[in-house]
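K.L.:
Show me how the following folds:
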Amino acid sequence: MADFIGTEEDDGLVGGLFSDMIVGMEGNDLLAGLNGDDTLDAGAGDDVLIGGIGDDVMFGGSGNDKIVMTAGDDQVFGGGGNDKYFVNGYAGDWSLITDTSGIDTLNFAGGITGADIDLSPGALSYVDDRVIEISGLKDSERPLELVLLQDLSGSFSNDLVTVNGLVDDLITSVSGLADDVRLGLTSFIDKPLSPFGSFGDHEYKTELGLTSDTDVWKTAVTGLSTGSGNDGPESQMTGLLQVALRTAEVGWSSSSLKVVVLTTDARPHFAGDNPDTANNGDTVLDGPGGDGTGEDYPSVEMVKAALLDAGIIPVFAVTSDVTADYQALVDAFGFGTVVPLSSDSSDIIAAFEDGISGAADSLIENAIGTAHRDDIFGNSADNMIKGKAGNDKIRGAGGDDYLKGNKGKDKLDGGKGHDMLDGGADKDKLTGGAGADTFVFDVSHPDHSRDVVKDYEDGVDKIMVLNDTMLSFADIDVRQAGGKTILSHDGDDFALLKSTNSADIDATDFVFDIA
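P.N.:
Residues are numbered from 1 along each chain as shown. Alright, predicted model coming up:
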């Protein structure tokens, strides 16, 4: 594997024929993997990432990034910012997107066939015989593998008693997060060497590999006992690194949604705290008997790379006095989440539920369809969903959505929320659903036709008329046709309102704007 490292300027970094590590650092960079199973880490800036051919791991970082998923099975972490994901590649490819921040867009415009798109966390979308999965629990077909990384230092002894008393409820809660759940248990204290720890402490231990037997997991948790820990900070960073690297020992499977929940009341030791010998980033804890005393703690970048490579999402369930420390660590990683624990961990069940859902449930707000017939379904956020050509079916969900059909005979359904529906060209069918909705008609568009509004509610919904010159209600003809109302401009019908009395339609129903 070759390393390509950028600068603080705007760089163009292109990998080779084999598996490469490409790091953008600062600046607005272009990172391209070409061949091989590459790792692309954009860093700060508004970057463009192109995976190329191979099973790639791509991390957008803190900017507004454009991430192109090409040939191969890719894992993508958007990081902060408003990111755009472009779906390209070959039949049989699979991509997993994890992004819990920003206003993000999933773009299928390059598809050569129609797409089935579902923005719900955990759901699968399909185009050109490719599968695109948005990470999440609710609608996921993947098993959840959850490893508890437990602080066993002396200061956590009271918390451990509380956790043991809640372990049955904890199992019930976690088991309800997914249809297929496997649990593992690992622990840390610190290096058994003064000033870090004391004799008998351990820097990391796999207590129990992943199992679906909750009774076995319960026995392992209730059998834990605390050590010392000596100084304040502990070996959390070593614990995270080892959990990520020890695939066989922990039992991670390639098809699972992987989460590590780290519980602690102390801040971590970082690289440089035991500086004589640098940590070499492997699974061996250097020192007598593998105690870790012969090397430094791992760096933030080393742990981040290991978590990314393994596809593991970290959740830090920590007491309030160290919340800021772990939020800074999450900010440095660009993924994961922090949830507060009370001083005795009595709210650990809520912390698990909130933390796992918050870290695993990616929210992609916007979608753009193909030039063919698409079926697009939104989520609980305020979605902006646009079709292109083709007779599309576009449905919102719980947010205040903007739905646009563009060309084709489209069916738009806003669902819940205060939605804006724009059929675009051709004859479309618009259903606002619950909420105060706005139906948009561009009467200046050369291909506009008469759209059908199935549920216009006078006094609640609005009609927005767009034109290249500002219109008013005096420019609109309103007439009754049976139980329907027809709206026209310059002799051209542009809307049919079902189950609506024309006498109820007046200037208060309209909004006018320039197209």
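K.L.:
Remind me what the top helix by length along the chain packs against, helices and strands.
P.N.:
As assigned by DSSP state H, the longest helix anywhere in the chain is helix 348-360. Identification of packing neighbours for helix 348-360 by 3 or more C-beta pairs under 8 Å, 6 or more residues apart in numbering; DSSP states H and E yields helix 167-175, strand 257-264, strand 312-319, strand 337-341. Placement of C-beta: from N, CA and C, glycine included.
K.L.:
in a strand, that's where residue 480 is, yeah?
P.N.:
Yes - under DSSP: H, G, I helix; E, B strand; the rest coil, residue 480 falls within a strand.
K.L.:
could you pull out the helices for the stretch 201-350 of the chain?
P.N.:
According to DSSP state H, counting those that start in this stretch, the stretch 201-350 of the chain carries its helices in the segments 214-222, 236-245, 247-250, 300-310, 323-333, 348-360.
K.L.:
For the fifth one, give the mean pLDDT please.
P.N.:
Mean pLDDT, taken over the full extent of helix 323-333, equals 92.
K.L.:
Repeat that for the longest one.
P.N.:
Per-region confidence: helix 348-360 scores 80 on mean pLDDT.
K.L.:
Likewise for the second one?
P.N.:
Helix 236-245 shows a mean pLDDT of 98.
K.L.:
from here on, count from 42
P.N.:
I'll keep to 42 as the first residue from here, and by that count the last item is helix 277-286.
K.L.:
Taking strand 353-360 as reference, get the angle to it.
P.N.:
150 degrees (axes from the mean of the first three to the mean of the last three C-alpha atoms, to 10 degrees).
K.L.:
How far does helix 277-286 sit from its chain's centre?
P.N.:
22 Å (C-alpha atoms, centre = their mean, to the nearest Å).
K.L.:
what's the angle from it to strand 298-305?
P.N.:
Using the same axes, to 10 degrees: helix 277-286 against strand 298-305 is 160 degrees.
K.L.:
now swap in the longest one and tell me
P.N.:
Direction vectors for helix 389-401 and strand 298-305, defined by the same axes, to 10 degrees, enclose an angle of 130 degrees.
K.L.:
and the angle from helix 389-401 to helix 208-216?
P.N.:
Using the same axes, to 10 degrees: helix 389-401 against helix 208-216 is 20 degrees.
K.L.:
Next, the buried residues of helix 389-401.
P.N.:
Residues 389, 390, 392, 393, 394, 395, 396, 397, 398, 400, 401 are the ones in helix 389-401 that count as buried (16 or more other C-beta atoms under 10 Å).
K.L.:
which element follows it toward the C-terminus?
P.N.:
strand 407-409 (DSSP states H and E).
K.L.:
Parallel or antiparallel, list what pairs with the helix or strand just after that following strand.
P.N.:
For strand 407-409, the following helix or strand on the C-terminal side (DSSP H and E) is strand 416-418. Partners of strand 416-418 in the sheet, by DSSP bridges, are strand 157-159 (parallel), strand 434-436 (parallel).
K.L.:
pLDDT (mean, whole number) over strand 416-418?
P.N.:
Mean predicted confidence for strand 416-418 is 98.
K.L.:
helices or strands next to the helix or strand just after it in the packing?
P.N.:
Next helix or strand after strand 416-418 toward the C-terminus (DSSP H and E): strand 425-427. Contacting strand 425-427 under the criterion 3+ C-beta pairs under 8 Å, 6+ apart are the following elements: strand 407-409, strand 443-445.
K.L.:
Tabulate those strands in a markdown table, adding columns for distance to residue 258 and mean pLDDT.
P.N.:
Below are the helices and strands packed on strand 425-427 laid out as a markdown table (distance: least, C-beta to C-beta, whole Å; pLDDT from 0 to 100):
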| stretch | distance to residue 258 | mean pLDDT |
| --- | --- | --- |
| strand 407-409 | 39 | 97 |
| strand 443-445 | 45 | 98 |
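K.L.:
hang on, the earlier thing: dump the helices and strands packed on helix 389-401 into CSV; add mean neighbour count, distance to residue 190 and mean pLDDT as well.
P.N.:
Formatted as CSV, the helices and strands packed on helix 389-401 follow (neighbours: other C-beta atoms under 10 Å; distance: least, C-beta to C-beta, whole Å; pLDDT from 0 to 100):
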stretch, mean neighbour count, distance to residue 190, mean pLDDT
helix 208-216, 16, 15, 88
strand 298-305, 24, 4, 91
strand 353-360, 25, 9, 90
strand 378-382, 22, 14, 87
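K.L.:
mind giving me a markdown table with the ones you listed and columns for distance to residue 113?
P.N.:
Shown next, in a markdown table, are the helices and strands packed on helix 389-401 (distance: least, C-beta to C-beta, whole Å):
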| stretch | distance to residue 113 |
| --- | --- |
| helix 208-216 | 32 |
| strand 298-305 | 20 |
| strand 353-360 | 20 |
| strand 378-382 | 28 |
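K.L.:
closest one to residue 369 among the ones you listed?
P.N.:
Minimum separation from residue 369 across those (C-beta to C-beta) falls at strand 378-382, 9.5 Å.
K.L.:
Looking at the helices and strands packed on helix 389-401, which is nearest to residue 239?
P.N.:
Here strand 298-305 is closest among the helices and strands packed on helix 389-401 (C-beta to C-beta), at 17.6 Å.
K.L.:
re earlier: ok, so of the buried residues of helix 389-401, who is nearest residue 332?
P.N.:
residue 389 (29.2 Å).
K.L.:
Report the contact partners of the closest one.
P.N.:
203, 204, 207, 211, 304, 358, 382 (C-beta atoms under 8 Å, 6 or more residues apart in numbering).
K.L.:
Next one: it from residue 449, what distance?
P.N.:
Going from residue 389 to residue 449 by C-beta to C-beta, to the nearest Å gives 51 Å.
K.L.:
Equivalent analysis for residue 440, please.
P.N.:
For residue 440 relative to residue 449 (C-beta to C-beta), the value is 24 Å.
K.L.:
And for residue 334?
P.N.:
Applying C-beta to C-beta to residue 334 and residue 449 gives a distance of 67 Å.
K.L.:
Of these two, which one has the most company?
P.N.:
residue 449 (23 against 19; other C-beta atoms under 10 Å).
K.L.:
from memory the more buried one sits against residue 431, does it?
P.N.:
Yes - contact criterion C-beta atoms under 8 Å: residue 449 and residue 431 qualify, at 4.7 Å.
K.L.:
any shared contact partners between the two?
P.N.:
Going by C-beta under 8 Å, 6+ apart, residues that sit against residue 449 and also against residue 431 are residue 414.
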